[in-house]
Structures are given as C-alpha cells and as structure tokens.
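Student: coordinates only, sequence not included:
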C-alpha cells in the first residue's frame with residue numbers, strides 16, 4: 001500500500017498572510033488524518049515563510065499517523081528535528097533562498113556530509129530519506145550513505161505529462177524504484193504530483209512505492225472540492241482499482 005502524506009506548507013502560508021492563527025494548523029493536520037491522510041509532511045525553510053520551527057513540536061504531539069519533516073540539514077534544522085524526533089526526516093539540498101525543491105542530491109559528491117547527518121538521525125531513532133533524481137548512479141550512491149529511503153523528485157515527470165510525452169521518463173522512474181528496492185531502500189516520491197498524473201505514476205512504480213508527499217496540488221484541489229473530498233480523491237489514485 002502506498003501511503004499519502006499531506007504537505008501542509010501552503011496552509012501555513014495562508015495562516016501567516018494575516019499574522020494570526022487562522023486557519024489553525026494543528027486542527028487542519030488533525031482533520032487531514034481524520035479524512036484519510038496517512039501522514040503529515042512539513043518543510044520549514046530558513047525564512048519561515050510558511051511552516052515555522054515552533055510549529056514542529058505541536059504537530060508532533062497531535063499527529064497520529066506519520067510525521068515527516070523535510071529540509072536542508074543545516075545546523076538549525078538539525079537542532080529542531082532532533083528535539084522533535086519525527087518518524088521520518090527527508091533531506092533536501094535546498095538553497096536558503098529556494099522557492100521550491102527542484103533538484104535532488106548528488107550523493108557521491110556529498111557522501112560524508114550525508115553519512116554524518118543520517119547517522120545522527122539514526123542515533124535518535126529517526127528514519128531517513130534523501131531527495132534524489134531517478135538516476136541509477138545516484139541511487140547506488142544513495143545506498144552507500146546508509147539512508148533508509150529515497151524520495152524521487154518527480155518534477156520532470158510532471159512536466160512530461162503536461163507535454164503528453166512521458167512514457168520514456170516514466171520507465172526511468174520505474175527502473176529507479178526497482179533498483180532502490182534491490183539495494184534495500186524503500187521509495188517515496190514527491191513534487192508536482194496531482195490528480196492528473198498520480199494514477200499512472202503509482203501503477204508504474206507499484207509495488208515499490210511506499211509513500212507520496214503532496215502539498216500544493218492537493219491544497220489547490222481542496223479550494224474546489226473541500227479538503228475531505230480532495231484527500232479521498234487522491235487516495236483513489238493510490239488504489240489498484
């Protein structure tokens with residue numbers, strides 16, 4: 001079964017726009033779980049334009065499924081994640097001023113850096129995942145870091161679907177997922193997955209796909225369908241029927 005983790009960054013962005021606590025992020029996360037979400041994902045950034053570091057502990061206290069914190073493992077990020085101890089941390093090579101995550105790690109070039117961070121998180125009992133492109137050489141290198149999972153960066157796949165020319169790149173993702181599985185790593189995926197492209201992606205990577213993390217598209221769909229209906233619609237895409 002592929003789990004759906006709802007990224008609530010954009011909900012926090014709406015909250016922050018008025019300098020209040022509306023919508024209430026904690027209530028929203030809890031409601032997402034009640035509506036069927038199998039995880040909650042957040043990605044605090046240095047400028048804290050959406051999720052703030054002080055959101056992390058309150059969220060950890062109420063999330064009953066799986067709490068996943070994404071981000072670049074700079075010292076401040078490390079400090080907060082280690083104090084909160086989520087179920088999973090996803091390491092992303094974001095620049096401090098990045099608008100969104102748009103590339104994966106080159107594990108070979110960052111081998112010792114990643115090994116050190118992953119080892120530190122493992123000592124705290126936190127599962128690790130690293131954000132990565134579907135490149136065989138990088139996936140083999142990822143296995144050498146000691147990470148538990150990889151998260152495939154799906155932006156290029158989503159772009160290919162928009163151009164209606166995605167069969168070759170989809171095959172690349174499927175082969176990447178199978179290789180990761182053979183190397184002992186579980187596979188997550190995220191970035192620009194939506195109701196139009198998720199089903200085909202899921203079918204191509206099944207049964208190797210453990211989790212998808214979806215934020216902006218799901219929140220946009222919720223503007224039209226409501227959050228409960230949107231979550232159920234995404235769960236249907238992750239079913240075998």
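Tutor: Yes, it's here. This one's a predicted model, so the numbers in the text were calculated from it and none came from an experiment.

Student: alpha carbons only for contacts and neighbour counts from here, please
Tutor: Fine.

Student: Next one: the residue nearest to residue 216 when sequence neighbours are not counted from residue 188, what distance?
Tutor: Nearest non-adjacent residue to residue 216, counting by Cα to Cα, 6 or more residues apart in numbering: residue 10, 6.3 Å away. Distance, residue 10 to residue 188, by Cα to Cα, to the nearest Å: 20 Å.

Student: do residue 79 as well
Tutor: For residue 79, the distance to residue 188 - Cα to Cα - is 24 Å.

Student: Who has more neighbours out of the two?
Tutor: residue 188 (23 against 11; other Cα atoms under 10 Å).

Student: SS state for the spatially most central residue of the chain?
Tutor: Geometric centre of the chain, nearest residue: residue 213, 4.0 Å, by Cα atoms, centre = their mean. Secondary structure state of residue 213, per DSSP: H, G, I helix; E, B strand; the rest coil, is strand.

Student: Surely it is in contact with residue 194?
Tutor: No: Residue 213 is not in contact with residue 194 according to Cα atoms under 8 Å; the separation is 10.4 Å.

Student: tell me the SS of residue 50?
Tutor: Residue 50 is classified as coil under three-state DSSP.

Student: what residues does stretch 223-232 touch?
Tutor: 32, 35, 36, 37, 218, 219, 221, 222 (Cα atoms under 8 Å, 6 or more residues apart in numbering).

Student: which of these count as buried?
Tutor: 32, 36, 37, 218, 219, 221 (16 or more other Cα atoms under 10 Å).

Student: Out of those residues, name the two that are farthest from one another.
Tutor: 36 and 221 (15.7 Å; Cα to Cα).

Student: So the residue nearest to residue 216 is in contact with residue 50, correct?
Tutor: Yes: under the criterion of Cα under 8 Å, residue 10 makes contact with residue 50 at 6.7 Å.

Student: count of neighbours near the closest residue to residue 53 other than its chain neighbours?
Tutor: Computed as Cα to Cα, 6+ apart, the closest residue to residue 53 that is not its neighbour in sequence is residue 44, at 6.4 Å. Residues lying near residue 44 (other Cα under 10 Å) number 20.

Student: Check the secondary structure at residue 152 for me.
Tutor: The three-state assignment at residue 152 reads strand, by three-state DSSP.

Student: If the nearest residue to it once chain neighbours are set aside is in a bridge, with which residues?
Tutor: Once flanking residues are discounted, residue 152 sits nearest to residue 189: 4.6 Å by Cα to Cα, 6+ apart. Note on residue 189: beta-bridge partners by DSSP bridges are residue 152, residue 212.

Student: distance of residue 189 from residue 203?
Tutor: Using Cα to Cα, we find residue 189 at a distance of 13 Å from residue 203.

Student: The two: which is more packed in?
Tutor: residue 189 (24 against 15).

Student: quick one, helices of this protein?
Tutor: 9-17, 25-34, 56-62, 75-84, 111-123, 136-145, 155-162, 167-182, 198-205, 216-225, 227-237 (DSSP state H).

Student: And for residue 234, the neighbour number?
Tutor: By the measure other Cα under 10 Å, the count of residues near residue 234 is 21.

Student: Sorry, slip of the keys, the one I care about is residue 228.
Tutor: By the measure other Cα under 10 Å, the count of residues near residue 228 is 16.
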